[in-house]
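S.K.: here is my input, please return the structure:
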Amino acid sequence: METDFISRHKDSDTFIIRRSSFFDTPVHLKGNLIVGTSCNFWSDLAATGSLKLGKGAVVKGSVRAASAIIGAHSVIAGDVKTEQDCTVLDGAKIGGDIIAGGKIMLRPNIKAGIVDARGNIEITGKSDVTELRAGAKIIATNRL
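M.R.: This next block holds a predicted model:
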């Protein structure tokens with residue numbers, strides 16, 4: 001894995017990937033991860049802590065993290081799995097399912113397979129999902 005594009009903030013155990021970076025092997029990091037805009041991953045992306053995926057990122061595999069914020073207009077070919085909460089921002093495309101141990105929040109124009117949360121599922125605006133499975137409530141609003 002190319003490490004020139006990754007820096008680490010030791011005090012917060014956070015890895016930071018520069019914008020427009022490119023990885024052709026799986027990226028698995030122990031700690032939190034912040035990914036810059038327009039990064040490309042040709043395989044899986046995983047972090048043991050929280051993940052903040054920048055706007056317009058492309059992941060050709062699956063994404064796994066303790067919690068995740070998927071940036072607007074990002075494209076993920078596989079599944080998104082989190083142990084806690086997951087937020088998917090405007091226009092993101094998930095080729096597989098979204099599975100969270102906590103709540104899931106979907107912003108407008110999301111595309112995904114099955115959305116499965118142990119907690120609430122909150123949907124704002126129109127989204128194209130195959131199925132919703134909530135452990136608690138499904139909350140849908142058409143405006144912010």
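S.K.: next, the buried residues of the helix or strand of the chain with the lowest mean pLDDT.
M.R.: Ranked by mean pLDDT, DSSP states H and E, the weakest helix or strand in the chain is strand 6-9, scoring a mean of 90. Going by neighbour count (16 or more other Cβ atoms under 10 Å), the buried part of strand 6-9 is residue 6. Yep, even glycine has a C-beta here, placed from its N, CA and C like the rest.
S.K.: which SSE is immediately downstream of it?
M.R.: Counting by DSSP states H and E, the next helix or strand C-terminal to strand 6-9 is strand 14-17.
S.K.: show me what that next one is packed against.
M.R.: Applying 3 or more Cβ pairs under 8 Å, 6 or more residues apart in numbering; DSSP states H and E, one finds that strand 14-17 contacts strand 6-9, strand 32-35.
S.K.: could you dump these into TSV with distance to residue 67 added?
M.R.: Output for those, formatted as TSV (distance: least, Cβ to Cβ, whole Å):
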stretch	distance to residue 67
strand 6-9	18
strand 32-35	9
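S.K.: and of the ones you listed, who's closest to residue 45?
M.R.: strand 32-35 (7.8 Å; Cβ to Cβ).
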